[in-house]
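Enquirer: Starting from these lines, generate the structure:
(2 chains)
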Amino acid sequence: AQSVTQPDIHITVSEGASLELRCNYSYGATPYLFWYVQSPGQGLQLLLKYFSGDTLVQGIKGFEAEFKRSQSSFNLRKPSVHWSDAAEYFCAVGASGNNRKLIWGLGTSLAVNP
Amino acid sequence: KAGVTQTPRYLIKTRGQQVTLSCSPISGHRSVSWYQQTPGQGLQFLFEYFSETQRNKGNFPGRFSGRQFSNSRSEMNVSTLELGDSALYLCASSLQGSTSNEKLFFGSGTQLSVL
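Expert: Residues are numbered from 1 along each chain as shown, chains lettered A, B, ... in the order given. The predicted structure is shown next:
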């Protein structure tokens, strides 16, 4: 069965520091992989997605993620965090075909210290 | 272009009551999905509608139901509310929804509190 694990429930970084949020998945084939961000009181917004091809994916707001098949990981990175990046981050896995049931991680809450 | 609109923003109900939540997708989007978000369980898929037909369903009891209208607007209904139904209910729309590789556009959600 598909599953998504975000090992870090909560992370605090200082503004300007680099960031890496971890995501591990379990799936038999190459999945579709997503990172979404949820600001307080808001819905989710897509940061980036991976379907195939280049394993380093660039997203919005300066985020990038790298797909590592051997590690079943899709970690999100940002070289320099801004205070406005404080939010909840969700990793999601989708199957190929007509199954629309995205499987979501429980999220990582990011706090940014000034 | 207007985003996904969910109404109401907040709801307070008591156990045993029923509730209806509404979602208006982005214009031109035909797929609407519903999710329940709670701190302990994260996002859980409820169901997806496409062209007025339920195409996928999550593992929720029959108390949770939905429908989609010809203008793609969708409603979700929860009957006989339980305390555990307290959650943020999110609606997401997408163009076709035919595969799981499509970008989802989320509304801000309806925060339901069951007392």
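Enquirer: Tell me the confidence at the spatially most central residue of chain B?
Expert: Within chain B, the residue whose C-alpha comes closest to the C-alpha centroid is B:Trp34; the distance, by CA atoms, centre = their mean, is 3.0 Å. B:Trp34 is assigned a predicted lDDT (pLDDT) of 95.
Enquirer: From chain A, how far out is it?
Expert: Shown here: B:Trp34 relative to chain A, a distance of 12 Å by CB to the nearest CB, to the nearest Å. For every residue, glycine as well, the C-beta is placed using N, CA and C.
Enquirer: Over to B:Leu90?
Expert: Look at B:Leu90 and chain A: by CB to the nearest CB, they are 6 Å apart.
Enquirer: Show me how far the worst-scoring helix or strand of chain A on mean pLDDT is from its chain's centre.
Expert: Between all helices and strands in chain A, the lowest mean by mean pLDDT, DSSP states H and E belongs to strand A:103-104, at a mean of 88. Between the mean C-alpha location of strand A:103-104 and the chain-wide mean there is a distance of 11 Å, by CA atoms, centre = their mean, to the nearest Å.
Enquirer: is any part of that strand close to chain B?
Expert: Yes: Strand A:103-104 is in contact with chain B by CB under 8 Å from any CB of the partner chain, via A:Trp104.
Enquirer: Quick check: chain neighbours aside, which residue is closest to B:Ile12?
Expert: Once its chain neighbours are removed from consideration, B:Ile12 has its nearest residue in B:Ser113; the separation is 4.9 Å (CB to CB, 6 or more residues apart in numbering or on different chains).
Enquirer: Which residue ranges of the chain form strands?
Expert: Just going to use chain A. When assigned using DSSP state E, the strands of chain A occupy the ranges A:3-5, A:10-14, A:19-21, A:24-26, A:32-38, A:44-50, A:56-58, A:64-68, A:73-78, A:87-94, A:103-104, A:108-113.
Enquirer: The intended chain is chain B.
Expert: Going by DSSP E, chain B shows strands at B:5-7, B:10-13, B:19-24, B:31-38, B:42-50, B:53-57, B:64-68, B:74-78, B:87-94, B:105-106, B:110-114.
Enquirer: The last one pairs with which strands?
Expert: Spelled out, that is strand B:110-114. strand B:10-13 (parallel), strand B:87-94 (antiparallel) (DSSP bridges).
Enquirer: Single out the most deeply packed of those strands.
Expert: Relative to the other members of the strands paired with strand B:110-114, strand B:87-94 carries the highest mean neighbour count by mean count of other CB atoms under 10 Å in any protein chain shown, namely a mean of 24.
Enquirer: shaky segments in the chain?
Expert: Using chain A here. Screening chain A residue by residue with the criterion pLDDT under 70, one finds the ranges A:96-100.
Enquirer: could you do chain B instead?
Expert: B:1, B:97-100.
Enquirer: which bits of chain B sit near chain A?
Expert: So far as CB under 8 Å from any CB goes, chain B lies against chain A at B:4, B:31, B:33, B:41-45, B:48, B:55-56, B:58, B:90, B:92, B:97-101, B:103-104, B:106-109.
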